[in-house]
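Peer 1: sequence plus predicted model, see below.
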Amino acid sequence: MESKLNLNPRLIDSARSAARNIAEDVQNFIDKNTTVAVERTVARLLGVDGVDEIDKPLPNVLVDAIKEGGGLSRGAAFWIGNAMVNTGKNPQEIAEKVSSGQIQITKLPIADENKIMEAVYETARKTVERIKNNRAKRDEYLNTIGEGRKPYLYVIVATGNIYEDVLQAQAAAKQGADVIAVIRTTAQSLLDYVPYGPTTEGFGGTYATQENFRIMRKALDEVSLEEGRYIRLCNYCSGLCMPEIAAMGALERLDVMLNDALYGILFRDINMQRTLVDQYFSRIINGYAGIIINTGEDNYLTTADAYEEAHTVLASQFINEQFALKAGIPEEQMGLGHAFEMNPMLENGFLYELAQAQMAREIFPKAPLKYMPPTKYMTGNIFRGHLQDAMFNFISIWTHQGIQLLGMPTEAIHTPHLQDRMLSIENAQYIFNNARDIGNEIEYKKDGIIQRRAQDVLAKAEELLRDIEREGIFSTIEKGKFGGVKRSFTGGKGLDGVVEKDEKHFNPFVDLMLGGAK
Amino acid sequence: MESKLNLNPRLIDSARSAARNIAEDVQNFIDKNTTVAVERTVARLLGVDGVDEIDKPLPNVLVDAIKEGGGLSRGAAFWIGNAMVNTGKNPQEIAEKVSSGQIQITKLPIADENKIMEAVYETARKTVERIKNNRAKRDEYLNTIGEGRKPYLYVIVATGNIYEDVLQAQAAAKQGADVIAVIRTTAQSLLDYVPYGPTTEGFGGTYATQENFRIMRKALDEVSLEEGRYIRLCNYCSGLCMPEIAAMGALERLDVMLNDALYGILFRDINMQRTLVDQYFSRIINGYAGIIINTGEDNYLTTADAYEEAHTVLASQFINEQFALKAGIPEEQMGLGHAFEMNPMLENGFLYELAQAQMAREIFPKAPLKYMPPTKYMTGNIFRGHLQDAMFNFISIWTHQGIQLLGMPTEAIHTPHLQDRMLSIENAQYIFNNARDIGNEIEYKKDGIIQRRAQDVLAKAEELLRDIEREGIFSTIEKGKFGGVKRSFTGGKGLDGVVEKDEKHFNPFVDLMLGGAK
Amino acid sequence: MMENIQKVDLTRIKPYGDTLNDGMVQMSFTLPVPYGDEANEAAKQLVEKMGFDDPAVVFSKDLGVGYTYFVIYGKCTHTVDYTSIEVPKVDMEFMDREEVEEYIKKYIKRDVVIVGACTGTDAHTVGIDAIMNMKGFDGNYGLERYKGINAINMGSQVPNEELIAKAVEVKADAILVSQVVTQKDVHIANLTQLVEMMEAEGLRDKMILVCGGPRLDHELAQELGYDAGFGRGSYANHVATFVVKQIVERNLI
Amino acid sequence: MMENIQKVDLTRIKPYGDTLNDGMVQMSFTLPVPYGDEANEAAKQLVEKMGFDDPAVVFSKDLGVGYTYFVIYGKCTHTVDYTSIEVPKVDMEFMDREEVEEYIKKYIKRDVVIVGACTGTDAHTVGIDAIMNMKGFDGNYGLERYKGINAINMGSQVPNEELIAKAVEVKADAILVSQVVTQKDVHIANLTQLVEMMEAEGLRDKMILVCGGPRLDHELAQELGYDAGFGRGSYANHVATFVVKQIVERNLI
Ligand code: B12
Ligand code: B12
Ligand SMILES: Cc1ncc(COP(=O)(O)O)c(C=O)c1O
Ligand SMILES: Cc1ncc(COP(=O)(O)O)c(C=O)c1O
C-alpha cells in the first residue's frame, strides 16, 4: 500500500526495530520466571476446575499448596504429573484431594521423569485439541453463516447479571452488533483468583467466570444462527489472572480479548514483573485459540491529553505488536487499540483524529485495529454526544478500522441502557453505509495539516521508542517516562506471585501451542 | 480555481449560455407586461401604505381603482404622478382620497407629461435614497461590529406571533445564529395583497407585514450590538406579492430574501406570466437593496428523488443566475439553493451529496450558496435526525457553502422549538469548528465515484438546458418537462393581474435602480 | 435460560433501562427561568411531580434569553396494564392490488369512484399523491393504477366546499382527505368542518369518509366522525381494501 | 416590545416549546412489550399517567427482544413554583488561590493538612487529581500547589479504613472523598460507611469531611452526613475556600 500520508518508511522501520529490541530484552527476563497465575493456568488447562467449600477456586488451592511446599519453581505441570503417576488419578481428582488434605502434593515421591512427561502431555494434548476444535468451530461458523462487515460493531453489556446481560446482548445482536463485550465488574482485575459459576451481582459489570463465558457464548451462538451472522464474544484478559482468563476464553470459544502487555502495570498498579510474565503466556493461549486481542492504548488518553500524547499511543502499539509476535500472535489477530479522545472544541480536531487513524492503518496494515470512542469529553448532553460518536464512526469507515467500539450518547451518565446501544448501532450503520467507500475516494493534500500531523506523531513515537530502547522498559516505567505513570520494579500488586523458574521447570502448553501444533 | 472535480469547463459554458438564451427569450415577454403586484409595488415605493376600513391595503385600493378605470397599462406611477400634479397632494394622501371615493384617479385631467415625470421622480428618488441608506447602514454594521464566519448559520422562527418570534430570534442569535428567517404563515403566498401591521396569529409561520419586518429588524439590531455580530433578517419574496415584499424588505433593511424565478409557477401554481413579470421587478429591488436572494431549488427534491433529479437543481440554478443577472443582482448576492435530500439509507449517499455540493461550489464560485437541510427523510427519530443534520453540516464546511439553513432534529414533528434550534446551532458549530479546514486538505480521486457523480449531473443539466433553450421555458413547463410539474400558460393563480404595457408605461424604479444609481 | 431473570408482569409494565422495572426515562425540555442551580432544582421538582424517583439533571444549558434547557433522567413510578389495552384500528387483512381488483369485479361490479385532496391551507401533497397517483410510494402503486377504481386527486389547498362539490359531481363512493400541518390543531378544525358540511348536506351516510396524515390515526379519525384514519406507513392497498369492503358492508353498491 | 407576549408567572412555571406554557416535553424510553400499535398505546397511557396532555408517539422501534423504544412528545400539565425554590449549596464567595493562601497565613497560621482519595472499588482518579494534584484542571491549579496546604492524594480504590488511618496518622484537618461510579448506588453505601466509621471512632467532629463527583451535589452530601459536596465543574479553590473557612468557623485551628 502506498502511503497516503507520505510517511517515512525508514522512520517506521526504526520505530519497529526499537520496539523489537525492547521486547527482546524483556523476553530474557520473562523466560526465567513464572507466576502463580501462570501455574494456575497450567492447572486449569490440565483440567482443574471448581471451588472448595469456602469458594476458593481449586487451581488456587493447588498452586498455593505447591507454593507453600516450595515447589512452584518446578511448575505445576511437574507436580500434577507426578501426582498422576503416583495416584493414577486425573488432575481434577488430585486437586480435590489436595483441597481435602488427602494429598500433600509436594510431598509425594518423585516419579520417573518420562512417565511424568507422558502423563502430563497426554492430558495437555487433549486440552489443546479441544481449543483447536473451538477454533475450527468458529471458522466453520464464519464460513457457513458468515460475519458482519468491518469495521465490526462492538458494544458492551454491563448489567452485573449474566442473564440480564444475555438479554441485552441478544438485543444488540439483533440490532446489528458484531462483537459483544461483557464488561467485568469493578475491580475484578485486582482479584488474584477467578470467581466461579454463574453470577448475578456485579457493579458496573459482570464477573468474568468460565460459566458466564459459557452462558454468553451459547446465547450468542443462538442469536448468530437466527441472524445469520457470527457474533463474537469478548472479555477482559487483564489483571492478576491474565493467563487464566485466556485459558477460560480458549476453552469456551471467546473470540476477542482485551489483552495488553503494559496495561496492568500502568493503569492497575500491578507489579511489572508479574504482568510481563503473565502477559506472555496469556498471549500464547490467545494466539493459539485464534482470539483477536485488543490492546489498551485508549487508556493513555483518558488521563493524558489526546493531542499532546498521541505518540505514546503509537509507541505502545509498536511495543504490543512485538510482544504479541513473540507469543505467536499473527498480525491478523492484533487488534491494536487507539482512541478518538481529542477535545471536541479543538479547531480542526477532526483532521488530527483522521490523520492519526489513517496513520495507524498504514503502519499496521494487517491488524484489525480496535478504535475506541470518545469518552472523556462526553457530557450529559446526549445530543451532542451522539454527534461526537458520529464523527468517530465517520473516521472509522474512512480509514478502514477493524473493530469499532461504539460510543454511547449516555457515556457520561450510566452504563449503556438497551436503547442507548440501539441508537449507537444505528449511528454507526448509518454513517458506515452512507460513506462506505470514502476511504478509497479521498486523497490528502501534500504537506497539509493531515499529512504533517501524522508525520509528527510518528517522529515523536520513534524518538520515544529509541529512548526506551536505550533505557530498557523497566527503568523507563520506573522513571515515569511512559504514559506519565511511575511504577517501581518491586512495587504494585502481585509481586509475591512471581517465582524464578528452576532449570527443570516445564509448561507443556507453551511448547504445544507455540510449537507449530496448529 | 482549479476544478477538484475535473469538470469540463466547456460543458459549464454551454449550460450557462443555454440558460442565458432561455432568460433572454423570456425577458422580451417580461418587458412587454406589467402586473397588479408590480404596480402596487410602485405605489408602495412612492409612499402609499396603510389599509382602509375593511383592512384592504391602500396599494391594492389604488391599483384596483386604476385597473377598473382601465388605466393599468400606463402604470401606477403615471396616474399617481398625474394626481400629484393635479391635486398637489402626496401619493399617500391621494391613495386615501381614492379609498374614500374623493378622487377617481383615472378620471383626473391628464397633466403635462414632464411635470408628471418630475413629480414622480422626485418622490421616487427619495425612496431610492432611503433604500441606499439602508444598504449603507448594513455595510456600516458589517464594518464595525462584524459578522459570523461562513457558512452563515441560518435558522427559522415560526411561532405565528411576531413577538414570540422575537424572543426565539434573539435566543437563536445569542446561541450563534447568523441569519434569522421568519417563516410566513401557511398560504400567505396565495394572498394577492400584503397584510398590514403587527400580527400575532399565524399557522406554521407569521404573516409577512412591513410592521413585522420593522419589529424584527429592530430586535435583531439590538441583539447584533449585544453580541457584536450583525444578524441578518430573512423573509419570503415569493407568491402573488413578490415585488411588494421586496419593496417592504428594502425599506426595512431585510438582508436576505427567498426569491426564485420559477418557484411560484411550479410549487404554488401561480400563473407563469404573472410570476415571470413579478420576479423581474422584485429582483431589481433586491439587487439594489443589497439583499442576498435565496433561490428555491430545494423544492424540486421534496417531491422528486434527490439522486435521480439532481440535474434539475443545477439547471434551475443556471436559470436563476441568468434571471438574476438581468435584474442587476451581482453574483455575490446570489444565494443559489440546493439541498441535502438523498435517502440516508443509500450506500455512498454521502459521496454523492459531497460531489453535488462541491460541484455547485465550483460552478458558481462567487455565489453565497444556500444549502438546505434534510427534510424529506427526517423521521420522528430525533437522534438519527440529528446525525443526518451533522452529515449535512459536514459537507457544508467541506465545500465552503455560503448559507447553511440548519436542519432540526424535530423536522418531521413540529416547527422548531427553542431548544431544537439550540441543538442545531450546537451541531453546526461543533462540526464547522472541528473540521474547519477540511476542504483545503482533501483531494478527490481522479475518475472516482465523486468526480464521476459531479460530471454526470453536469452533463445531464447541460442537456436539459439545451432542451429548454430549444423549446422555450413556457412550453417546457407546459409539457411538464421541468421539475415534473405541468402548468399551462394561462392556468394557475393571478393571471388576471397581468396587463400588457402601453408604450408610454413607465416605472421610475426600474430606471433608478438598474440605471447605475448605486 | 431466561428463568434466571425476573419475568415481565404485563399487568404492571414500567420503562426499562438495564434492569426490569428500573423505570428509566430520558427527558428534555426548556423552562422559562434563568440558568443556574435554582433552575435545575425547578426541573427536578417538576419531574418529581410527574411521578419520577431520583430525577437527575444530567445536562442543562442557558438558552440565552433567561430560559434554560435540561436533559434529565428519572425513574418512572407509574405502571400500565398492557393486557387491558385495546387499540381501535383498521383491523382487517389488507388485500393487495390484484385482490382488490378481483374483489371489485366480483362483488361491486362497477367502477369505484374515489376523490382525494389535501384540504384547507395544507399544501403537502406528497402523502395523498403516495396513495392516489400511479407511481405510488415505496414500490406500492397508487389507486390510479387499480383496475376498477376511478381515482381523482384534486391536489393541494382544496377548500372543503370544492371537495364536496366534486364528490357530488362525480358520484364518489369515497372521499380521501390528507392533513399534514397540525400546528395549533388546524387539522382538527378543518377535518371537523368537512364532516359537519357533509352531514348538513345529508351526504355523510352515502359516502365513505377517510382521512390520513403523519399525525393522524384511526382512533382520532373515528372521534372526528370519519370511517377510518391512516397514519405513517400507509399504502394505497390499505385504504383500497377498507373502501371496497365498506362499500359492500354498508351496501353502497 | 415584550409587553406583547404573555409574561412568565414564576409561581407556576411550565415547560416551553414555542408558546408560553405549552408544556412541551420530549421523552424517550423502552417498554418491555413487543413493537406494535398496542405498545404505542401503552406508552401513551403511561405518559398520560405522568400528567401529560396530547402525548404523541413520534417514533417507535422494535429493539429485537420483544421490547420497544419510543420517542414521545407531550404537554406537561404540572407546574412548579420557582419563587419558593431554595437550593442548599456551598454558598460562599470562593477565594482564589492567592486569597486562600493569605487567609491561612492570617487566620490559621500553620499548614492545613488535607487527605484525599477515590475510595472503595472506584478507580476514577481524574476528578480527585483535578482537585489535588499540582497541575489541577482547566487552568486551575490543584491543592498541592497551594502554599500553606499539605495535600496528600492517596489515589484510587482506597478502602475507607486505610483512608481514616492515614488521616489520623497525618493529623488531617480535612478528608476529601471522590466517588464517580454510582451504579446500583454503590457510592451511597461507600460514603455512608465512611461517615459511620468516623463517628464510631469519634473522629467525625474533629475533621472536615467533603465529598465530590459528577453525580454528587451539596444536598446529597449533607444528607449523607458530609460537610459539603462538590459536583461537576468544581475547582481546587472552591474546596480550599470551604475547608479553610470551616477550620476557622468550627475552631479547628
Ligand atoms: C415535503 C414537505 C414540504 C413541501 C411540500 C411539497 C408537497 N408538494 O407536498 C413544501 C416545501 C412545499 C413544504 C411547505 C411547508 N411545510 Co412542510 N414539510 C415537508 C416534509 C419535509 C415532508 C412531508 C412529506 O412529503 N412526507 C412524505 C409523505 C409520503 O408522508 P405523509 O405525508 O406522512 O403521507 C403518508 C401517510 O401519512 C399517509 N397519508 C397521508 N395523507 C393521507 C391521506 C389518506 C386519505 C390516507 C389514506 C393516507 C394518507 O400515507 C402516506 C404514505 O404512507 C415535512 C417534514 C417531514 N419530514 O415529515 C414538512 C412539514 C410537514 N412541513 C411543515 C410546515 C409547517 C410547512 C409550511 C407550513 C411552512 C411554512 N410556513 O412555509 C409550508 C407550507 C405548506 C402548506 N401550505 O401547507 C411542518 C408541519 C408542522 C406541523 N406538524 O404542523 C413539517 C412537519 C416540518 C416542520 N417540522 O416544520 N413542506
Ligand atoms: C476516564 C474514565 C475511566 C478511566 C479512569 C482513569 C482514571 N485514572 O481515572 C478508566 C478507563 C480506567 C475507567 C474505568 C472504568 N469506568 Co470509567 N469513565 C471514565 C470517563 C470517560 C471520564 C471520567 C473523568 O475522568 N471525568 C473528568 C473528571 C475531571 O471529572 P469528575 O470525575 O466529574 O471530577 C470533577 C468533579 O466531579 C469534581 N470532583 C470529583 N471528585 C471530587 C472529589 C472532591 C473531594 C471534590 C471537592 C470534587 C470532586 O471535581 C472534578 C473537577 O471538576 C467517564 C465517562 C464520562 N465522560 O464522564 C467514565 C465512567 C465514569 N466510567 C464508568 C464505569 C462503569 C467504569 C468501569 C467501572 C467499567 C468497568 N466495569 O470496567 C471501569 C472501572 C473503574 C473502576 N474500578 O472504578 C461509568 C460510571 C457509570 C456510573 N454512573 O456508575 C462512566 C460514567 C462511563 C459509562 N457511561 O459507563 N473509566
Ligand atoms: C487492556 C485492558 N484490560 C482491561 C481493561 C478493563 O479494566 P479492568 O482492569 O478493571 O478489568 C481495560 C479497560 O480499558 C483495558 O484496556
Ligand atoms: C423561493 C421560495 N419562496 C417561498 C417559499 C415558502 O413557501 P410559500 O410559497 O408558502 O411562501 C419557499 C419554500 O421553500 C421557497 O423556496
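Peer 2: Nice, thanks for sending it over. Ligands and ions are numbered 1, 2, ... in the order given.

Peer 1: measure A:D52 to A:E39 for me?
Peer 2: Using Cβ to Cβ, to the nearest Å, we find A:D52 at a distance of 17 Å from A:E39. (C-beta placed from N, C-alpha, C; glycine too.)

Peer 1: er, A:N28 actually
Peer 2: 21 Å.

Peer 1: name the residue in the two with the higher neighbour count.
Peer 2: A:E39 (33 against 8; other Cβ atoms under 10 Å in any protein chain shown).

Peer 1: my guess is C:S60 contacts C:A42. True?
Peer 2: No: with contact defined as Cβ atoms under 8 Å, C:S60 does not reach C:A42; the gap is 10.5 Å.

Peer 1: for the two, indicate the residue with more neighbours.
Peer 2: With neighbours defined as other Cβ under 10 Å, C:S60 and C:A42 compare such that C:A42 has more, 25 against 21.

Peer 1: shouldn't A:R421 be within a helix?
Peer 2: Yes: judged by DSSP: H, G, I helix; E, B strand; the rest coil, A:R421 forms part of a helix.

Peer 1: what residues are up against it?
Peer 2: A:V155, A:Q168, A:A171, A:A172, A:Q175, A:A177, A:L406, A:M408 (Cβ atoms under 8 Å, 6 or more residues apart in numbering or on different chains).

Peer 1: 10 Å - rerun?
Peer 2: A:153, A:155-157, A:168-169, A:171-172, A:175-177, A:180, A:406, A:408, A:410, C:18, D:63 (Cβ atoms under 10 Å, 6 or more residues apart in numbering or on different chains).

Peer 1: same deal with A:H338?
Peer 2: So A:H338 contacts A:295, A:297-298, A:300-301, A:306, A:310, A:313-314, A:316-317, A:353, A:356-357, A:359-360, A:364, A:369-372, A:401 (Cβ under 10 Å, 6+ apart).

Peer 1: taking these one by one, which sit in helices?
Peer 2: A:Y300, A:L301, A:A310, A:V313, A:L314, A:S316, A:Q317, A:E353, A:Q356, A:A357, A:M359, A:A360 (DSSP state H).

Peer 1: just want the residue of the stretch 1-150 of chain C that's nearest ligand 4.
Peer 2: Here the residue of the stretch 1-150 of chain C nearest ligand 4 is C:A123; by Cβ to the nearest ligand atom that distance is 7.0 Å.

Peer 1: how many neighbours does the nearest residue to that residue once chain neighbours are set aside have?
Peer 2: Nearest residue to C:A123 in three dimensions, chain neighbours excluded: C:S156, at 4.3 Å (Cβ to Cβ, 6 or more residues apart in numbering or on different chains). Neighbour count of C:S156, defined by other Cβ under 10 Å: 23.

Peer 1: ok, A:E463 next?
Peer 2: Around A:E463 there are 16 residues (other Cβ under 10 Å).

Peer 1: so it touches A:R470, yeah?
Peer 2: No: A:E463 lies out of contact with A:R470 (Cβ atoms under 10 Å); the separation is 11.0 Å.

Peer 1: between those two, what contacts are shared?
Peer 2: With Cβ under 10 Å, 6+ apart as the test, A:E463 and A:R470 both reach A:A18.

Peer 1: got the residues of chain C near chain A?
Peer 2: C:1-6, C:15-20, C:22, C:24, C:26, C:28, C:56-61, C:69-73 (Cβ under 10 Å from any Cβ of the partner chain).

Peer 1: the chain: strands as residue ranges?
Peer 2: Here I'm looking at chain A. A:33-35, A:152-157, A:179-182, A:232-236, A:256-258, A:292-294, A:334-335, A:337-339, A:370-372, A:403-405, A:442-444, A:498-500 (DSSP state E).

Peer 1: that was the other one, I meant chain C.
Peer 2: C:24-31, C:52-62, C:68-76, C:112-118, C:149-153, C:174-178, C:208-212, C:228-230.

Peer 1: can the strands of chain A go into JSON lines with extra columns for distance to A:S475 and mean pLDDT?
Peer 2: JSON lines is the format used below for the strands of chain A (distance: least, Cβ to Cβ, whole Å; pLDDT from 0 to 100):
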{"stretch": "strand A:33-35", "distance to A:S475": "18", "mean pLDDT": "98"}
{"stretch": "strand A:152-157", "distance to A:S475": "36", "mean pLDDT": "97"}
{"stretch": "strand A:179-182", "distance to A:S475": "34", "mean pLDDT": "98"}
{"stretch": "strand A:232-236", "distance to A:S475": "28", "mean pLDDT": "98"}
{"stretch": "strand A:256-258", "distance to A:S475": "27", "mean pLDDT": "98"}
{"stretch": "strand A:292-294", "distance to A:S475": "26", "mean pLDDT": "98"}
{"stretch": "strand A:334-335", "distance to A:S475": "26", "mean pLDDT": "98"}
{"stretch": "strand A:337-339", "distance to A:S475": "25", "mean pLDDT": "98"}
{"stretch": "strand A:370-372", "distance to A:S475": "29", "mean pLDDT": "98"}
{"stretch": "strand A:403-405", "distance to A:S475": "33", "mean pLDDT": "98"}
{"stretch": "strand A:442-444", "distance to A:S475": "38", "mean pLDDT": "96"}
{"stretch": "strand A:498-500", "distance to A:S475": "18", "mean pLDDT": "98"}
